[in-house]
Structures are given as structure tokens and as C-alpha cells.
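Engineer: Structure of the sequence below:
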Amino acid sequence: MRAVVRGSAGVMAACALTASAVPVASAADNSWHVSVSPRTVAPGGQVTLSSSGCQVPSVTADAAVFDTTELDEGHSAIAHVFADAKPGAEYEVTFTCKGKTKSAPLMISGGQSHSSAPHRGVKAGAGNSFTDISPTQLALGGALVAGALGFAVVQVRRRGGTPQ
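Structural biologist: Numbers count the residues shown, from 1 in each chain. Next up is the predicted model:
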């Protein structure tokens, strides 16, 4: 019973340390603005993506109906909507700046569906998604894992068993 109490106390202390290292979310950043123009486009058309106020050299824009597009801060970029985009559907264009996201709607206008257009596959993640982790977070995560492994070894040795 003591082991459970000690283990729980250790886990709670580790969680408290981790929680204290995570920065508190700041108020909404109103200095960063994004836009999609036009807001309604036909399948196979193109849209202009804009971002202003982000303090990094590049911003990425992503939606299920076009390839991920990188914008140079303060400049717009053109994205080509897939020809097989579903007419009448509404999509969210997600802009990413320094790990923060904002979105803008994009509507696909009615018209003829291009069912013979090739399927482009699924959007399955951003890849390289560990770029926003700070060294402090990595160190705390490593300490938590090491502490949990150490605790497990101590418990196994006390019970007289060997790890399998």
C-alpha cells in the first residue's frame, strides 16, 4: 500500500513540474490576419491566399482541396483547387504561423463534378511536426520517462521478481 501512495505522490509531483513549465496561453493575437480570395471557387480553379502580421518569414496554408502552400510573410500566394473537389462543399483553409493556427472558409461552387479526375489520396498529417517542442519540454518529458522506468525497476526488485 505504501508503494502505491509513494508512486502516486511521485507521479503527482512530476505532473506539477511539467504543468509549471508549460507557458500559459496568451490572449488572442489580433495582429495576424489571414484571407482567402475569392471565398467561392469552382473545382479546378485557383484562390489567392494572404497572411499579414505574422512575425516569421513564412506561413503555411493547408486545405483538403489543394496542396500545402507556403506564403512569404506579407505576400500572397496562389493555390490551385483540385479538379475533383466536391461541388457545394465548404472547406477550412488552415494557416499556420509559429505553431498557431487561424482558418478561413472556402466554398466550392456548384457545377459539373469531374468524376474522371484522378484521386489525390488523403491528407495524412503535416510531417516534421515536432518542430515546436522546446528543449525544456524535451528535458521534462525525458525526466518523466526516466522516473517512471526507475520506479518500475524498484518495484520489481522489491517484490523479488525479475523483469521479463
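
Engineer: got the contact list for residue 38?
Structural biologist: Taking C-beta atoms under 8 Å, 6 or more residues apart in numbering as the criterion, residue 38 is in contact with residue 47. To be clear about C-beta, it is placed using only N, CA and C from the backbone, and glycine gets the same treatment.

Engineer: show me where pLDDT drops low in the protein?
Structural biologist: For the chain, the stretches with pLDDT under 70 are 1-30, 111-132, 161-164.

Engineer: All the helices of it, in order from the start?
Structural biologist: 2-21, 135-158 (DSSP state H).

Engineer: Which neighbouring elements make contact with the last one?
Structural biologist: Going back to what we said before, that points to helix 135-158. Judged by 3 or more C-beta pairs under 8 Å, 6 or more residues apart in numbering; DSSP states H and E, the packing partners of helix 135-158 are helix 2-21.

Engineer: how near is residue 138 to residue 150?
Structural biologist: For residue 138, the distance to residue 150 equals 18 Å [C-beta to C-beta, to the nearest Å].

Engineer: quick one: the strands in this structure?
Structural biologist: Secondary structure of the chain (DSSP state E): strands at 33-37, 40-41, 46-52, 58-63, 66-72, 77-80, 90-97, 100-108.

Engineer: Please work out which of these is packed deepest.
Structural biologist: strand 58-63 (a mean of 21; mean count of other C-beta atoms under 10 Å).

Engineer: Using CSV, write down the CA coordinates of that strand.
Structural biologist: Presented in CSV, the C-alpha positions along strand 58-63 are these (Å, rounded to 0.1, in the frame of the first residue of the first chain):
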residue,chain,number,x,y,z
SER,A,58,6.9,32.1,-43.9
VAL,A,59,3.3,30.9,-43.2
THR,A,60,1.8,27.7,-44.4
ALA,A,61,-1.8,27.3,-45.7
ASP,A,62,-3.4,23.9,-46.0
ALA,A,63,-6.8,22.6,-47.0
